[in-house]
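Asks: I would like to see how this sequence folds:
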Amino acid sequence: MHLEALLRRAARRLDEAGSPTARLDAEMLLCHVLGVERSWLYTWGDRNAEPLARARFEALIAARAAGQPIAYLIGEREFWGLRLVTTPVTLIPRPDTETLVEAALARATGERGRMLDLGTGTGAIALAFASERPGWRVLGVDRELAAVALAAENAARLMIDNAHFRVSDWFSELAGERFDLVVSNPPYLADDDPHLGQGDVRFEPRSALVAAEAGLADLQDLVRQARAHLTPGGWLMLEHGVTQGGDVRRVMGMQGYTDVATLEDLGGRERVSLGRHGSA
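Replies: Coordinates of the predicted model:
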């Protein structure tokens, strides 16, 4: 069977399974099996599929039809132009989170400083920021050792040497340390959120998605704890759900943060709230 015919059949199966990007999914999985770029498929689609490659591809299509995320099946996801290794121990980096990176870069005005990424997962936020601010020292922490190891692997693969990673449950292992920027994409879904039963989220670690108090518990804790770890004038920036901006702003105001605001993502939804600690 020619590769193009194999792709068409796979795309039909994924479309019937409910994938909104069936053809793209099929192309990405076939490229992964063959070790080629998508442009290669457009040029050489009339080639025959070798039996072993076809078997591997059809197994991946079956897994995708069952809902498994593409990022876990191929073991990588692009974020901020960086190709990151992904595994089921962490969340899959998403484009909406680039809003948090943009906000951090806009407020990293000096050539040098310290940035902390809490709950770093793949290291996506820390590595994106570090790649743009080589003079800054960037620390990513996660309570899961496997996530810390994955983030360190991504840093090494990308040769980003100003980002480092260690185990810490939020600020638990950071006593006495202060940072000019503290950022986080913490768990913020309620345990009955309907999104938990949809799409890729079904296969991602629940501990990285769900928080108590209707999804607000970790956000509130970070607002309270961060003040002891920010330099004067330092910024706290938190990603959150689209209906939680008002709650986060209110807690920041109660804790004495200034310049409190909420930023929208590319879809025009409230996505990142931020505030400043004291005066610069």
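
Asks: Now residue 134. Its backbone dihedrals?
Replies: As for residue 134, its main-chain torsions (degrees, to the nearest 10) stand at phi -60, psi -20.

Asks: show me the contacts for the nearest residue to it once chain neighbours are set aside.
Replies: Spatially, and ignoring its direct neighbours in sequence, residue 134 is nearest to residue 162 (5.7 Å; C-beta to C-beta, 6 or more residues apart in numbering). From N, CA and C alone the C-beta is placed, and that goes for glycine too. Contacts here follow C-beta atoms under 8 Å, 6 or more residues apart in numbering; on that basis residue 162 touches 130, 133, 134, 135, 136, 137, 138.

Asks: could you dump these to JSON lines with distance to residue 44, secondary structure and neighbour count?
Replies: Listed next are those as JSON lines, based on distance: C-beta to C-beta, whole Å; DSSP: H, G, I helix; E, B strand; the rest coil; neighbours: other C-beta atoms under 10 Å:
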{"residue": "130", "distance to residue 44": "38", "secondary structure": "helix", "neighbour count": "25"}
{"residue": "133", "distance to residue 44": "41", "secondary structure": "coil", "neighbour count": "21"}
{"residue": "134", "distance to residue 44": "39", "secondary structure": "coil", "neighbour count": "12"}
{"residue": "135", "distance to residue 44": "44", "secondary structure": "coil", "neighbour count": "10"}
{"residue": "136", "distance to residue 44": "44", "secondary structure": "coil", "neighbour count": "20"}
{"residue": "137", "distance to residue 44": "46", "secondary structure": "strand", "neighbour count": "16"}
{"residue": "138", "distance to residue 44": "41", "secondary structure": "strand", "neighbour count": "30"}
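
Asks: Residue 49 reaches residue 9, doesn't it?
Replies: No - Residue 49 lies out of contact with residue 9 (C-beta atoms under 8 Å); the separation is 10.8 Å.
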